[in-house]
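Engineer: I'd like to go over a predicted model; first the sequence, then the structure.
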Amino acid sequence: MTTSNDVVVRTEHLTKHYGKLVAVDDLNLEVHRGEVFGFLGPNGAGKSTTMSMMLGLIAPTSGNIEIFGLSVKSNLADILGRIGAVMESPGFYPYLSGWDNLRVFARISRDVTDNRIKDVLNLVDLADRAQDKFSGYSQGMKQRLAIACALLHDPEFIIFDEPTSGLDPAGMKEVRELLIRLGQEGKTIFLNSHLLHEVEQVCNRVAIIKKGKVIASGAPNDLIKHGDTLQIRVADTDKAVAILNEEDWVSSITRDGDLLILKAPTERATDISALLAKNGVFISEMKAREDSLESFFLELTEEETVD
Amino acid sequence: MIDQIRAELFKLRKRKMTWIMIIVLAAFLCLIFFAVYGITSSPPERMPHEGLETMRNLITFPDAFTMIFSMAQNIGAILLTIIVASSVGNEYGWGTIRQTLIRKGIRYQYVASKLVAFIVYALIVIAFIIGFCLALLTTQWINGALNWDFMTVSYVGELFTMYGWTFYGLLVYILLAILLSLVGRSAIVGIGGTLGYYFVESIAISIFNQSGGWLAEIPNYLIGHNIAAILPTTMMQGPFASSGALPSTLYASITLAIYCVVFLGLSLYLFKSRDVTT
């Protein structure tokens, strides 16, 4: 059972309007202590807006956010002292070195020593380039500096918005390992990433939002349904869709070029083959599709599902 | 708050632009000084005697202080506008404003710490201008009989008063630059808006002063005209001199205080109430 002390973030009916556009719509979320929580959604789903509201950068139109049991509205300074955040497109002073940039933010955070700056720079493998100007950093180095900056004051709860953006595969692996390590150290992580296999590997729990609303949440393994997706390749996809839509056991059909992705029990493969052949549609390829968080995400968020 | 002010001063100190502006300022002061000195040393034949006397007084103590404070006000306003607006506006362009606010969150502290840093910087700039000009003028007279008799205790007091008034005049432009940079979320808006106002207002004041009736009253409500009124012996002797009758020092002080309060209040309100997005 989850007690209120275990809840690090709680949003209640969180809503943000920009004129007529509803960016976040009655969002209810809970993130528990020690969780690595994945926050997923297509572009424009309201992820960054939600994260910005948690950090006090954007004011909600209505609803509440509590972090560590405190209202963001009235206790922002106290809350921020315990939060770190790596925002998408991290901002630093281009005329300062990496080290000086961290010094500026360390001064604002207080109680951050030069030794701590060294530690976080070592952690993100940037110590050798610490004296170089930020303007000369590659995208990956900028991202690593942002992670170092977020960890400066040893926060309990860390928000990562696309932390592997701009990193090479080795850098991505390092960040992935860092996230896992931080999670193991008992930090609570809130991760937004487009790399769903990454989320699948590091997150204990995920929430998928679309048009500002949570449309699915749970442990990645619970969300992924196994053994009910088939992929077939046919010449006449329109006719095949029309035939298969008549069957009760086909729950959905999604087009992907000349491929059709069917949500249907895999043991029905023979029935599908026979049914289509009887109607003059011949299958050139059929296989059971291995489900993943990515396919689940796409299925939930893609607009172009064939009814 | 102290830590945040220290961080702002650190950023100002580390920025090349801060030092480049100081160097440009020094070069400009040298240019003016040597131009005036050159003309007074070998004046053109047709130059009227009164004109020559006025120019000579500009680089002769104690009247030279009039020019020094005038420089501090006029050039200082331009210099500070560029520094202030770029310092505030670029935080949006670089995205550092979000990085700062997600650490502290108290928005009025952010504006206040920037303002305090600019105040410190403005005081240093004025002191630099005074010091630099004094050095130039003193060097000129070093081999001659420079008479410091005018430098009595009361005159030193007067100089500090002039220093204070000069700073007060600059504060209005600092606050205007902060406000416009926040409104436009950009350095360009801050610099363009403030300098645009500065020059357009100077021209407008000259035009209004030539008019009669209620139009002639308008300058009494404008920043530049009131700044001219608080500066002793009317400093605004540059290209945009305020030629009309100036309001009283009390009236000008109150008017400028109202401008300061309005600019600061609007800045704080806007910054506190608006979302900070990418």
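Structural biologist: Received, thanks.

Engineer: Quick check, residue A:205 in contact with residue A:38.
Structural biologist: Yes. Using Cβ atoms under 8 Å, residue A:205 is in contact with residue A:38, at 7.2 Å. Just so you know, the C-beta spots here come from the backbone N, C-alpha and C atoms, and that holds for glycine as well.

Engineer: can you tell me the residue of the stretch 151-300 of chain A closest to chain B?
Structural biologist: residue A:153 (7.9 Å; Cβ to the nearest Cβ).

Engineer: Wasn't that residue part of a helix?
Structural biologist: No. Counting by DSSP: H, G, I helix; E, B strand; the rest coil, residue A:153 is located in no helix; its state is coil.

Engineer: what sits against the closest residue to it other than its chain neighbours?
Structural biologist: Spatial nearest neighbour of residue A:153, chain neighbours left out: residue A:109 (4.3 Å); criterion: Cβ to Cβ, 6 or more residues apart in numbering or on different chains. Residues counted as contacts of residue A:109 (Cβ atoms under 8 Å, 6 or more residues apart in numbering or on different chains) are A:81, A:152-153, B:103.

Engineer: which two in the residues you listed are spaced the farthest apart?
Structural biologist: For the contacts of residue A:109, the maximum inter-member distance is 11.5 Å, found between A:81 and A:152 (Cβ to Cβ).

Engineer: Neighbour count: those two, which is higher?
Structural biologist: residue A:152 (21 against 16; other Cβ atoms under 10 Å in any protein chain shown).

Engineer: Tell me the spacing between that one and residue B:66.
Structural biologist: 51 Å (Cβ to Cβ, to the nearest Å).

Engineer: Against residue A:205, how distant is residue A:217?
Structural biologist: In terms of Cβ to Cβ, residue A:217 sits 7 Å off from residue A:205.

Engineer: what do the two both touch?
Structural biologist: Here residue A:217 and residue A:205 share no contacting residue, scored by Cβ under 8 Å, 6+ apart.

Engineer: show me the contacts for the residue nearest the centre of chain B.
Structural biologist: The residue lying closest to the centre of chain B (Cα atoms, centre = their mean) is residue B:77, at 2.9 Å. Listed by Cβ under 8 Å, 6+ apart, the contact partners of residue B:77 are B:169-170, B:173, B:198.

Engineer: Need phi/psi at residue A:156.
Structural biologist: Torsion angles at residue A:156 (phi, psi; degrees, to the nearest 10) stand at phi -80, psi -30.

Engineer: and what of residue B:253?
Structural biologist: Reported as degrees, to the nearest 10, the phi and psi values for residue B:253 are phi -60, psi -40.

Engineer: What parts of the stretch 151-278 of chain B come near chain A?
Structural biologist: B:273, B:275-278 (Cβ under 8 Å from any Cβ of the partner chain).

Engineer: can I get the residues you listed in CSV with secondary structure, neighbour count and distance to residue A:7?
Structural biologist: Output for those, formatted as CSV (DSSP: H, G, I helix; E, B strand; the rest coil; neighbours: other Cβ atoms under 10 Å in any protein chain shown; distance: Cβ to Cβ, whole Å):
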residue, secondary structure, neighbour count, distance to residue A:7
B:273, helix, 9, 30
B:275, coil, 12, 26
B:276, coil, 21, 26
B:277, coil, 13, 27
B:278, coil, 12, 29
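
Engineer: Who are the packing partners of the top helix by length along chain B?
Structural biologist: Scanning chain B for the helix with the most residues, using DSSP state H, yields helix B:107-141. Secondary-structure packing of helix B:107-141 (3 or more Cβ pairs under 8 Å, 6 or more residues apart in numbering or on different chains; DSSP states H and E): helix B:2-14, helix B:16-41, helix B:64-94, helix B:96-101, helix B:153-184, helix B:249-273.

Engineer: relative to helix B:107-141, how tilted is the second one?
Structural biologist: Regarding helix B:16-41 and helix B:107-141, their directions subtend 30 degrees when assessed with axes from the mean of the first three to the mean of the last three Cα atoms, to 10 degrees.

Engineer: Off-centre distance for helix B:16-41?
Structural biologist: Taking Cα atoms, centre = their mean, to the nearest Å, one finds the center of helix B:16-41 at 16 Å from the center of the full chain.

Engineer: Following element in sequence after it, please.
Structural biologist: Moving toward the C-terminus from helix B:16-41, the next helix or strand (DSSP states H and E) is helix B:49-58.

Engineer: What is the burial count for residue 246?
Structural biologist: No chain was given, so I picked chain A. 8.

Engineer: um, chain B though
Structural biologist: 20.

Engineer: Could you measure from it over to residue A:15?
Structural biologist: Distance of residue B:246 to residue A:15, computed by Cβ to Cβ: 55 Å.

Engineer: give me phi/psi at the closest residue to residue A:50 other than its chain neighbours?
Structural biologist: Once flanking residues are discounted, residue A:50 sits nearest to residue A:24: 5.5 Å by Cβ to Cβ, 6+ apart. In terms of degrees, to the nearest 10, the main-chain angles of residue A:24 are phi -130, psi 130.

Engineer: if you skip the residues just before and after it, what's nearest to the residue in the stretch 51-200 of chain B positioned nearest to chain A?
Structural biologist: Taking Cβ to the nearest Cβ, chain A has its nearest neighbour within the stretch 51-200 of chain B at residue B:95, 2.4 Å off. In this structure, residue B:95 finds its nearest non-sequential neighbour in residue A:91, 2.4 Å apart by Cβ to Cβ, 6+ apart.

Engineer: and the longest helix along chain A, what does it pack onto?
Structural biologist: For chain A, the helix with the greatest residue count under DSSP H is helix A:169-184. Judged by 3+ Cβ pairs under 8 Å, 6+ apart, the packing partners of helix A:169-184 are strand A:36-40, helix A:139-151, strand A:188-192, helix A:196-202.

Engineer: Name the residues that touch the last one?
Structural biologist: Translated: helix A:196-202. A:36, A:38, A:40, A:164, A:172, A:176, A:179-180, A:183, A:189, A:191, A:193, A:206, A:220, A:292-294, A:297.

Engineer: export it as PDB, just CAs?
Structural biologist: Written as PDB, here are the backbone C-alpha positions of helix A:196-202 (Å, rounded to 0.1, in the frame of the first residue of the first chain):
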ATOM      1  CA  LEU A 196      10.800   4.200 -25.900                       C
ATOM      2  CA  HIS A 197      13.200   1.200 -25.700                       C
ATOM      3  CA  GLU A 198      15.200   3.400 -23.300                       C
ATOM      4  CA  VAL A 199      12.200   4.100 -21.200                       C
ATOM      5  CA  GLU A 200      11.300   0.400 -21.300                       C
ATOM      6  CA  GLN A 201      14.700  -0.500 -19.900                       C
ATOM      7  CA  VAL A 202      14.900   2.100 -17.100                       C
END
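
Engineer: which strands and helices sit next to the helix or strand just after that helix?
Structural biologist: Next helix or strand after helix A:196-202 toward the C-terminus (DSSP H and E): strand A:205-210. If contacts are counted by 3+ Cβ pairs under 8 Å, 6+ apart, strand A:205-210 sits against strand A:21-32, strand A:36-40, strand A:213-218, helix A:220-223, helix A:293-301.

Engineer: tell me the mean pLDDT for the fourth one?
Structural biologist: Same thing as helix A:220-223. Here helix A:220-223 scores 73 as its mean pLDDT.

Engineer: any idea how far it is from the chain center?
Structural biologist: 15 Å.

Engineer: Return that helix as PDB; C-alpha atoms alone will do.
Structural biologist: Output in PDB follows, covering the C-alpha atoms of helix A:220-223 (Å, rounded to 0.1, in the frame of the first residue of the first chain):
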ATOM      1  CA  PRO A 220       5.800  -1.300 -18.900                       C
ATOM      2  CA  ASN A 221       5.500  -5.100 -18.700                       C
ATOM      3  CA  ASP A 222       1.900  -4.800 -17.600                       C
ATOM      4  CA  LEU A 223       1.100  -2.500 -20.500                       C
END
